[in-house]
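**Q** Only the shape, not the letters, is given here:
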C-alpha cells in the first residue's frame with residue numbers, strides 16, 4: 001500500500017500490524033527492507049517509522065541520487081534532523097573528468113552544483129559522520145574554503161576524505177578551516193595526492209578537539225614540514241599507512257608523543273624493505289602507548305623488543321602480514337612477567353569489555369564450533385589432550401552477544417535513548433534491561449528517556 005492510499009490514516013479499528021509496540025515495528029521494517037535497494041513506506045500510518053530507518057544512514061554512488069536526496073530534504077524539513085551519516089562514494093566513470101578522477105569539472109558538466117552541496121550540508125543539523133570518496137574537488141572546497149555557514153556541520157564528529165586531487169588553494173586550508181567544526185573528533189585522509197600543508201605557525205588554527213587522526217598516502221614524504229603536534233595537541237590515536245617506500249619517519253617525528261594508540265602499516269605489493277621505512281628511531285618518543293599495531297618490515301625486531309618491554313601501559317600488541325616476528329619472540333612475550341591490566345573508563349560498567357581490533361572467528365569450509373566441541377570431547381574420552389589457539393573460539397558467539405547486549409544498554413543509559421537497544425533486542429529489551437539494571441533502576445531510566 002503506497003502513501004497515496006485513500007484509506008483513513010487513523011481508522012477506529014486499526015489494522016493489527018498498527019497495534020504493535022513501536023520497537024517491534026522497527027524490527028518489522030528491518031526485515032521488510034532487508035533485500036530492498038530502495039525501500040519505501042509500507043503504508044501511510046507507518047510513515048514515521050519508515051523515514052527514521054531510511055534517512056538515518058544515507059549512501060550514494062552517483063550524483064543523480066545525491067541531487068534527488070537534496071531535493072527531498074529541501075521539500076521536507078522534518079527529515080533533516082533524521083540524517084546522521086552521509087556517504088558519497090562516486091564509482092561511475094561518468095562522474096570523473098577526463099584529466100583525473102575527482103578532478104575539476106565545468107559547471108555545465110556538473111549534475112549537482114557546489115552551491116547545492118553547500119545548501120544540503122547546511123540543512124543537516126544532526127549529521128555525525130561525513131564520508132566523501134572520489135567526489136568533485138569543488139565539493140571538498142565547500143568544506144575547507146569557508147563557503148559553509150558558520151552553523152553548518154556543528155555536530156559532525158567524524159570526517160573521512162578519499163581523493164586523488166585535494167584543493168590546492170588557499171595554502172594550509174585544512175588545519176585552518178576544519179577548526180570551525182567544533183564537534184569534530186576523528187579525521188581520516190586517504191589519497192594519492194598529498195594534502196596541501198604548511199608548517200604550523202601562530203596564524204594556523206590548531207584543532208584541539210581532534211583525538212583520532214588517520215593518514216594514508218603514497219606521498220608521505222611530502223608531509224616532512226607538517227607540524228602535526230601543533231595541529232593536534234590532544235591527539236590520542238594515530239594510524240599511518242604508506243603504499244610506497246619511505247615517508248614514515250617524516251610524519252612520526254612530528255606526531256604528539258602523548259598518543260595512546262599507534263598503527264603503522266605499508267600496503268606496497270610486492271614489499272621492498274627500505275631503510276627509509278624504518279621507524280625504530282621514532283618509537284622511543286611514544287612512552288604512553290596502550291595499543292601498538294605494526295606490519296611489513298616497518299620495524300626491526302631487535303629494537304622493538306626492548307621498547308615493548310619498557311611500555312608500562314601497553315595492553316594491545318598486534319602484527320600484520322610479513323611482520324619480522326619469530327616464535328621465540330612471541331613466546332618470550334607471553335612467558336614474561338606482566339603487570340595487571342586496567343580497563344578504560346568506558347568499560348567499568350560492563351562485564352565483557354571488548355577492545356578495538358577484536359574480530360569474530362572465520363570458519364573455513366567444513367569447520368564449525370559444534371564439530372570442534374565434538375573433537376575435544378572425543379579426545380578427552382580417548383585420553384588425548386587437544387591444544388591450540390582455535391580452542392579459543394568455543395563460546396565466542398555467546399560471550400560476544402552478551403557483550404553487545406550490555407554495551408547497547410550502557411549506551412542507552414548514557415544517551416538517555418534506548419532506541420538502538422530496541423532495534424537490536426526487540427521484545428527482549430525489557431527483560432535484558434531489568435536483568436542488567438534491576439527493576440527499580442530500569443523503570444527510572446525509562447521515565448527519564450528522551451522523547
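**A** Done, it's in. Since the model is a prediction, treat every value here as computed from it, not as a measurement. Numbers count the residues shown, from 1 in each chain.

**Q** need the helices for the stretch 351-451 of the chain, in chain order.
**A** Taking DSSP state H, counting those that start in this stretch as the criterion, the stretch 351-451 of the chain carries its helices at 369-381, 396-415, 419-425, 429-437, 439-448.

**Q** burial measure for residue 434, as a count.
**A** When neighbours are counted by other Cβ atoms under 10 Å, residue 434 registers 14. To be clear about C-beta, it is placed using only N, CA and C from the backbone, and glycine gets the same treatment.

**Q** What's the local residue count around the nearest residue to it once chain neighbours are set aside?
**A** Spatial nearest neighbour of residue 434, excluding adjacent residues (Cβ to Cβ, 6 or more residues apart in numbering): residue 442 at 4.8 Å. By the criterion of other Cβ under 10 Å, residue 442 has 21 neighbours.

**Q** so who does residue 442 touch?
**A** Listed by Cβ atoms under 8 Å, 6 or more residues apart in numbering, the contact partners of residue 442 are 430, 433-434, 436.

**Q** For the residues you listed, could you give me a markdown table that also reports pLDDT?
**A** As requested, the contacts of residue 442 are exported to a markdown table (pLDDT from 0 to 100):
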| residue | pLDDT |
| --- | --- |
| 430 | 91 |
| 433 | 90 |
| 434 | 91 |
| 436 | 89 |
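
**Q** Please, a ChimeraX command that selects the buried ones among these?
**A** Of the contacts of residue 442, the buried ones go into a single ChimeraX selection, burial set by 16 or more other Cβ atoms under 10 Å:
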select :433,436
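
**Q** between the contacts of residue 442, which is nearest residue 386?
**A** Residue 386 has its nearest neighbour among these in residue 436, at 35.1 Å by Cβ to Cβ.

**Q** Grab the nearest non-local neighbour of the closest one.
**A** Nearest residue to residue 436, sequence neighbours excluded (Cβ to Cβ, 6+ apart): residue 409, at 5.3 Å.

**Q** from the contacts of residue 442, which is closest to residue 128?
**A** Taking Cβ to Cβ as the measure, residue 128 lies nearest residue 433 of the contacts of residue 442, at 24.9 Å.

**Q** is it true that the closest one touches residue 418?
**A** Yes. Taking Cβ atoms under 8 Å as the definition, residue 433 is a contact partner of residue 418 at 7.4 Å.

**Q** Need the overlap of contacts for these two.
**A** Shared contacts of residue 433 and residue 418, defined by Cβ under 8 Å, 6+ apart, comprise 409, 445-446.

**Q** Which entries within those residues meet the buried criterion?
**A** Neighbour-count burial (16+ other Cβ under 10 Å) applied to the shared contacts of residue 433 and residue 418 gives 409, 445.

**Q** Next, format the shared contacts of residue 433 and residue 418 as TSV and append pLDDT.
**A** Formatted as TSV, the shared contacts of residue 433 and residue 418 follow (pLDDT from 0 to 100):
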residue	pLDDT
409	90
445	89
446	88
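
**Q** Count the neighbours of residue 290 for me.
**A** 20.

**Q** mind checking how far it is from residue 310?
**A** In this view, residue 290 and residue 310 are 14 Å apart by Cβ to Cβ, to the nearest Å.

**Q** Could you do residue 363 as well?
**A** Relative to residue 310, residue 363 is positioned 38 Å away (Cβ to Cβ).

**Q** Okay, now the unreliable bits of the stretch 1-150 of the chain?
**A** Within the stretch 1-150 of the chain, the ranges that satisfy pLDDT under 70 run 1-15, 17-18, 22-23, 26, 29, 32-53, 91-110.

**Q** All the strands of it, in order from the start?
**A** Taking DSSP state E, counting those that start in this stretch as the test, the strands found in the stretch 1-150 of the chain are 57-60, 85-89, 129-133.

**Q** Using JSON lines, please lay out those strands together with mean neighbour count.
**A** Listed next are the strands of the stretch 1-150 of the chain as JSON lines, based on neighbours: other Cβ atoms under 10 Å:
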{"stretch": "strand 57-60", "mean neighbour count": "16"}
{"stretch": "strand 85-89", "mean neighbour count": "18"}
{"stretch": "strand 129-133", "mean neighbour count": "18"}
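
**Q** so which of those strands gets nearest residue 182?
**A** Taking Cβ to Cβ, strand 129-133 is the member of the strands of the stretch 1-150 of the chain nearest to residue 182, at 14.6 Å.

**Q** Distance-wise, check the spatially closest residue to residue 122 that is not a sequence neighbour relative to residue 81.
**A** Counting by Cβ to Cβ, 6+ apart, residue 122 lies nearest to residue 152, which is 4.2 Å off, once chain neighbours are set aside. In this view, residue 152 and residue 81 are 14 Å apart by Cβ to Cβ.

**Q** Break this protein down into its structural domains.
**A** 1-54, 55-343, 369-448 (automatic domain parsing).

**Q** now the shared contacts of residue 433 and residue 418 in CSV, with distance to residue 423?
**A** Shown next, in CSV, are the shared contacts of residue 433 and residue 418 (distance: Cβ to Cβ, whole Å):
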residue, distance to residue 423
409, 13
445, 17
446, 16
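
**Q** Residue 211 reaches residue 236, doesn't it?
**A** Yes. Applying Cβ under 8 Å, one finds residue 211 in contact with residue 236, separated by 4.5 Å.
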